[in-house]
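**Q** pasting the structure only:
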């Protein structure tokens, strides 16, 4: 039968970022460290002075597997859990940036000037970077508000059903008002999370917001409305600029496409 004895100079304290104590023991009477480790999980206290048992380490001193005897050095560490610096379950933190996003556009909001080497410069009705057969457009920075929220959620609430809900809401637009934004302005980019020990979950939710727009001018066309994450594109046609006596490409029709589905963000639980 194995005997566990605590050493005289056993309790080694540390008061760094989190308080810990390491206890040192000598175990005598077995060569089976696997079975003994299982037994130690039961024998050793799960808490000590408000600290939680974190790790049991065993190192052989002398081991005889033939006679199943041995002497082992055992170290048990108790740690502060959660550490004092950890936010409590139910708390949250927030971050954001307004760096914007990049979008390829083929149509300007307005043409400021047209200048020709001679005669009159053709009027393309706001089409950008027009070549002989196409409208090439330009990449611009558009208003995108990126923000993230980190929440500390009780383990009982982070079920498989909840994880699947997060998965299904990823890549969805908000179907109702959310964080001060109107429906269609916020895109859920997904969530990442990890469990803090055997306690709650630290989950970060990422979003991007783009404004809804109304009465959007596209050449001689006015688009009534576009949600923040709908896609606007323009079809062009050949026309004749009589003043410049030139064939030009001008907007013939504008289309607003729904490229993201709606999702009910109440399912995020935040």
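**A** On my side now, so go ahead. Just so we're clear, the structure is a prediction, and the values are computed from it rather than from any experiment. Numbers count the residues shown, from 1 in each chain.
**Q** for the spatially closest residue to residue 153 that is not a sequence neighbour, name its beta-bridge partners.
**A** Spatial nearest neighbour of residue 153, chain neighbours left out: residue 201 (4.9 Å); criterion: Cβ to Cβ, 6 or more residues apart in numbering. For the C-beta atoms, the positions are set from N, CA and C on the backbone; glycine is no exception. Beta bridges link residue 201 to residue 153, residue 195, judged by DSSP bridges.
**Q** any idea how far residue 194 is from residue 201?
**A** Between residue 201 and residue 194 the computed distance is 7 Å (Cβ to Cβ, to the nearest Å).
**Q** cool, residue 130 as well?
**A** 51 Å.
**Q** can you give me the neighbour number for residue 174?
**A** Residue neighbour count, defined by other Cβ atoms under 10 Å, stands at 26 for residue 174.
**Q** quick check: it touching residue 209?
**A** No. Taking contacts as Cβ atoms under 8 Å, residue 174 lies outside contact range of residue 209: 9.1 Å.
**Q** the strand ranked longest in the chain: what's the following helix or strand?
**A** For the chain, the strand that runs over the most residues, judged by DSSP state E, is strand 51-64. The helix or strand immediately downstream of strand 51-64 is strand 69-79, counting by DSSP states H and E.
**Q** got the angle between that next one and strand 51-64?
**A** If you take axes from the mean of the first three to the mean of the last three Cα atoms, to 10 degrees, strand 69-79 sits at 160 degrees to strand 51-64.
**Q** give the buried residues for strand 69-79.
**A** By neighbour count on 16 or more other Cβ atoms under 10 Å, the buried set for strand 69-79 is 70, 71, 72, 74, 75, 76, 77, 78, 79.
**Q** so which of residue 130 and residue 194 has more stuff around it?
**A** Just comparing residue 130 and residue 194: by other Cβ under 10 Å the higher neighbour count belongs to residue 130, 17 against 8.
**Q** what sits against the more buried one?
**A** 124, 136, 248, 249 (Cβ atoms under 8 Å, 6 or more residues apart in numbering).
**Q** okay, it: pLDDT?
**A** You'll see residue 130 listed with a pLDDT of 81.
**Q** make 54 the first number, not 1, from now on.
**A** Okay, residue one is now 54; in that scheme the one you just asked about reads as residue 183.
**Q** how near is it to residue 199?
**A** 33 Å.
**Q** ok, now residue 120?
**A** Taking Cβ to Cβ, one finds residue 120 at 66 Å from residue 199.
**Q** next one: residue 154
**A** For residue 154 relative to residue 199 (Cβ to Cβ), the value is 8 Å.
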